[in-house]
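Asker: When you get a sec, could you give me coordinates for this:
(chains A and B)
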Amino acid sequence: MSAALSVQPQEAPLLPTKLRNARALWVVLVIMALLAGCALLFARGSMRLSTDWQSQLSDTLTVQLILENTNDWAPQTSTASIALANALPGADIEVVNQSAARDLLRPWLGNTVLPDNLPVPALINITGKELSAERVRATLDDIGLTSNIDDNSRYADQLRGTVRRLVAIGIGTLSLVLLAGLCVNIFATRASMTAQKEIIRVLVQVGASDKFIAKLFIGQAFRRGAIGASIGLGLAGLLWLLLSIMGDWGGLGWSGLGAGFKDLLWLIGLGAVFAVICAGAAGLTATRQLAFERKRL
Amino acid sequence: MRVSQKVNPTVPQQAQMSTMPDLVNFERVALRYGRGPEVLTDATLDLPQGSFTFLTGPSGAGKSTLLKLCYLSLIPSRGLIRMFGRDSALLTNPERQAIKRRIGVVLQDFHLIEHLSVYENVALPLRVSGQSRSTYNADVVELLQWVGLGHRMQALPPTLSGGEKQRCAIARAVIAKPDLLIADEPTGNVDPVIGRRLLRLFSEMNRMGATVLIATHDTHLIDELDARVLRIEEGRVFKGKSQ
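Answerer: Predicted coordinates for the structure are as follows:
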């Protein structure tokens, strides 16, 4: 008997682990995790892109000098650029030459030949950190130049609003996918309880509590959710990695949306949430179903 | 679990039975399934603690229904059932589960879990009650050897014969040393030798203090022991083998 005592293997799982009809459920869970992962990476990519763009916009200013006479173009832009270089020592001051300034008018004037005496705007681009439109205006006022300063704030506001909507779409999609995951798991747990009603009957007969039985289904759903999430989110990460490697393929700017190390952590977190949702749905459903069956006796 | 193999199987422990409190008490219990006719009518019976009782009667008379009421798998349509001194209708869910753990049940169709080995099936009541494998391993192995399944411990139920399944189900019912042991035709699928051996096991359980209720058609089995006999006919319970 001592030999027999020593050879007993580990406790077997009380619910069967290989279910013939569970393959379709696995596919559904993997697809849902993939969609959830894509939605998360899209939302995070949009936020990152927005931050990058806004950072770039906040680092540039465009000054338009208001000239009373077109002949003043050269001396006044020169005076202004020197004054700005002195006032903003770390900034890069660039006068937009007349040819380039004239090209900026083309979208409004079409491809017709532009007359030589056409007044072209006197533009100065300033690039640098922590630029202040007020300071630039004050510098130009001090030397008697009137100016319009475009600090890109309107464009930045529009960009912020657009990105906010994109992030909301991403988070909304993610929430819907997680909600669908919850519903799928409720349905799957009910189906699983029906398929395994003989096992449940035996467990009830030997005195298992509802909590004990629910824990079995929670464990089963958690494993299912964790594995499904690992595969689905892994595929989502791989897809995003490929898109970022492909760069601006198709002019869609995928490289900006590409995944980073923090996204990997977010994906792991999402996987944990996905598995917990699966387990929670199973626990809730199993507990309610067992209570319902008991009342039906 | 320490089961002696030198037990006289013919004399169940019923001494001082009349002074013992009732473990199970039915008062005018009736049961109907849905809107159908009553399959049990005004059943009144008691199972004193430590008693050994056979329940007999023709097929369809209501034996299995009465057993189901005894092991709390059904709730009566009317009447009063007291289990271990408690009104079964007033039991909370945890109390009901606690009482179920004190009852060992052997059913006609065995109810073994097919993907679990014989060993795992027998150990199930102990596992459910929260015991660790190291505490019950020796008991399970010893009991399986005693019922002749020592060499089939790792076999799965679909590979067992009817008799082996029955012995596995019986071993599962007795492994937790229940206070009340209920068996529905426990020797129906085994040869006479194994049948007598199983009866000896029930008798030994009874000697150790368990109250035993066995439903059977087998008059030879009933004759083996000098035990109480309840007869059920057309949903009514009578004392003695025949009217």
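Asker: which element is residue 164 on?
Answerer: You didn't pick a chain, so chain A it is. A:R164 belongs to helix A:153-195 when assigned by DSSP states H and E.
Asker: actually it's chain B I care about, not the one you picked
Answerer: Residue-wise, B:E164 maps onto helix B:162-174 under DSSP H and E.
Asker: after the helix holding A:R164, next one along is what?
Answerer: That would be, after helix A:153-195 and using DSSP H and E, helix A:197-205.
Asker: pull the CA atoms of that next one into PDB?
Answerer: Taking C-alpha atoms only, helix A:197-205 is exported to PDB below (Å, rounded to 0.1, in the frame of the first residue of the first chain):
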ATOM      1  CA  LYS A 197     -24.900  19.500 -14.900                       C
ATOM      2  CA  GLU A 198     -24.100  15.900 -14.000                       C
ATOM      3  CA  ILE A 199     -20.900  16.900 -12.400                       C
ATOM      4  CA  ILE A 200     -22.700  19.800 -10.500                       C
ATOM      5  CA  ARG A 201     -25.300  17.300  -9.300                       C
ATOM      6  CA  VAL A 202     -22.600  15.100  -7.900                       C
ATOM      7  CA  LEU A 203     -20.800  18.000  -6.200                       C
ATOM      8  CA  VAL A 204     -24.100  19.200  -4.700                       C
ATOM      9  CA  GLN A 205     -24.800  15.700  -3.500                       C
END
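Asker: quick one: is the next helix or strand after that helix near chain B?
Answerer: Going down the chain from helix A:197-205, the next helix or strand is helix A:210-246, by DSSP H and E. Yes - against chain B, helix A:210-246 shows contacts by CB under 8 Å from any CB of the partner chain at A:D210, A:F212. For every residue, glycine as well, the C-beta is placed using N, CA and C.
Asker: And helix A:210-246, what does it pack against?
Answerer: helix A:23-58, helix A:153-195, helix A:197-205, helix A:254-257, helix A:261-296 (3 or more CB pairs under 8 Å, 6 or more residues apart in numbering or on different chains; DSSP states H and E).
Asker: Check which residues of stretch A:67-76 are buried.
Answerer: A:L67, A:W73, A:Q76 (16 or more other CB atoms under 10 Å in any protein chain shown).
Asker: And for stretch A:177-190?
Answerer: A:V177, A:L178, A:G181, A:L182, A:V184, A:N185, A:I186, A:A188, A:T189.
Asker: Residues in contact with it: which ones?
Answerer: If you take CB atoms under 8 Å, 6 or more residues apart in numbering or on different chains as the criterion, stretch A:177-190 is touched by A:25, A:28-29, A:32-33, A:35-36, A:39, A:217, A:221, A:224-225, A:273-274, A:277-278, A:280-282, A:284-286, A:289.
Asker: can you list the residues of chain B near chain A?
Answerer: B:71, B:73-75, B:93-94, B:97-98, B:100-101, B:103, B:105, B:111-113, B:115-117, B:119-120, B:124-125, B:127-129, B:133, B:137-138, B:141-142, B:145, B:150, B:153-154, B:172, B:176.
Asker: Sort out for me which of those are in helices.
Answerer: B:93-94, B:97-98, B:100, B:119-120, B:124-125, B:127-128, B:133, B:137-138, B:141-142, B:145, B:172 (DSSP state H).
Asker: Now the buried members of these.
Answerer: The buried subset of these (16+ other CB under 10 Å) comprises B:97, B:100, B:119-120, B:124-125, B:127-128, B:137-138, B:141-142, B:172.
Asker: Please list all residues in contact with the residue of chain B found nearest chain A.
Answerer: Chain A sits closest to B:R101 of chain B, with a gap of 3.3 Å, by CB to the nearest CB. For B:R101, the contacting residues are A:V206, A:G207, B:P125, B:V128, B:S129, B:A176, B:P178, by CB under 8 Å, 6+ apart.
Asker: The longest helix seen in chain B packs against which elements?
Answerer: Longest helix of chain B, by residue count under DSSP H: helix B:192-207. Packing contacts for helix B:192-207, counted by 3+ CB pairs under 8 Å, 6+ apart, involve strand B:52-56, helix B:162-174, strand B:180-184, strand B:211-215, helix B:219-224.
Asker: Report how many residues lie close to B:D139.
Answerer: 19 (other CB atoms under 10 Å in any protein chain shown).
Asker: Run through the residues that contact residue 156.
Answerer: Using chain A here. Per CB under 8 Å, 6+ apart, neighbours of A:A156: A:Q54, A:L57, A:S58.
Asker: Not quite, go with chain B.
Answerer: Neighbours of B:L156 in contact, by CB under 8 Å, 6+ apart: B:E114, B:H115, B:L116, B:S117, B:V118.
Asker: who wins for most neighbours among those residues?
Answerer: Busiest of the contacts of B:L156 [other CB under 10 Å] is B:V118, holding 28 neighbours.
Asker: Look at residue 199 and say how many residues are nearby.
Answerer: This is for chain A. By other CB under 10 Å, neighbour count at A:I199 equals 20.
Asker: The chain in question should be chain B.
Answerer: Neighbours of B:L199 (other CB under 10 Å): 23.
Asker: what secondary structure does the residue lying farthest from the centre of chain B sit in?
Answerer: For chain B, the residue at maximal distance from the C-alpha centroid (CA atoms, centre = their mean) is B:R35, at 28.7 Å. Three-state call for B:R35 (DSSP: H, G, I helix; E, B strand; the rest coil): coil.
Asker: okay, now the domains of chain A?
Answerer: What automatic domain parsing lists as the domains of chain A is A:21-55+A:156-296, A:67-145.
Asker: Kindly reformat those as CSV containing distance to B:F84.
Answerer: Output for those, formatted as CSV (distance: least, CB to CB, whole Å):
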stretch, distance to B:F84
domain A:21-55+A:156-296, 13
domain A:67-145, 81
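Asker: For stretch B:226-243, which outside residues touch it?
Answerer: B:10-12, B:14, B:26, B:30, B:38-45, B:51-58, B:61-63, B:66, B:219, B:222.
Asker: do the same with stretch A:37-54
Answerer: So stretch A:37-54 is contacted by A:156, A:159-160, A:163, A:166-167, A:169-171, A:173-174, A:177, A:232-233, A:235-237, A:239-240, A:253, A:256-260, A:262-263, A:266-267, A:270 (CB under 8 Å, 6+ apart).
Asker: are any of the residues you listed buried, and which?
Answerer: For the contacts of stretch A:37-54, buried by 16+ other CB under 10 Å: A:156, A:159, A:163, A:166-167, A:170, A:173-174, A:177, A:232-233, A:235-237, A:240, A:256-259, A:263, A:266-267, A:270.
Asker: Run through the bridge partners of the residue most central in space within chain B.
Answerer: Nearest to the mean C-alpha position of chain B, by CA atoms, centre = their mean, lies B:I182 at 1.5 Å. Bridge pairing for B:I182 (DSSP bridges) gives the partners B:V105, B:L213.
Asker: I figured it hits B:L69, correct?
Answerer: No - B:I182 is beyond contact range of B:L69, at 10.4 Å (criterion: CB atoms under 8 Å).
Asker: And the residue of the stretch 151-297 of chain A closest to chain B?
Answerer: For the stretch 151-297 of chain A, CB to the nearest CB, closest residue to chain B: A:G207, 3.3 Å.
Asker: Surely that residue touches B:P125?
Answerer: Yes - using CB under 8 Å, A:G207 makes contact with B:P125 at a distance of 6.7 Å.
Asker: Assess the claim that A:T127 and A:D92 are in contact.
Answerer: Yes - using CB under 8 Å, A:T127 is in contact with A:D92, at 4.3 Å.
Asker: of the helices and strands packed on helix A:210-246, which approaches B:F202 most closely?
Answerer: Closest to B:F202 of the helices and strands packed on helix A:210-246, according to CB to CB: helix A:197-205, at 18.3 Å.
Asker: just how off-centre is the closest one within its chain?
Answerer: 46 Å (CA atoms, centre = their mean, to the nearest Å).
Asker: Tell me which other helices or strands it touches.
Answerer: helix A:210-246, helix B:118-128.
Asker: Can you check what angle separates the shortest one from helix A:197-205?
Answerer: If I follow you right, that is helix B:118-128. Here the directions of helix B:118-128 and helix A:197-205 differ by 50 degrees (axes from the mean of the first three to the mean of the last three CA atoms, to 10 degrees).
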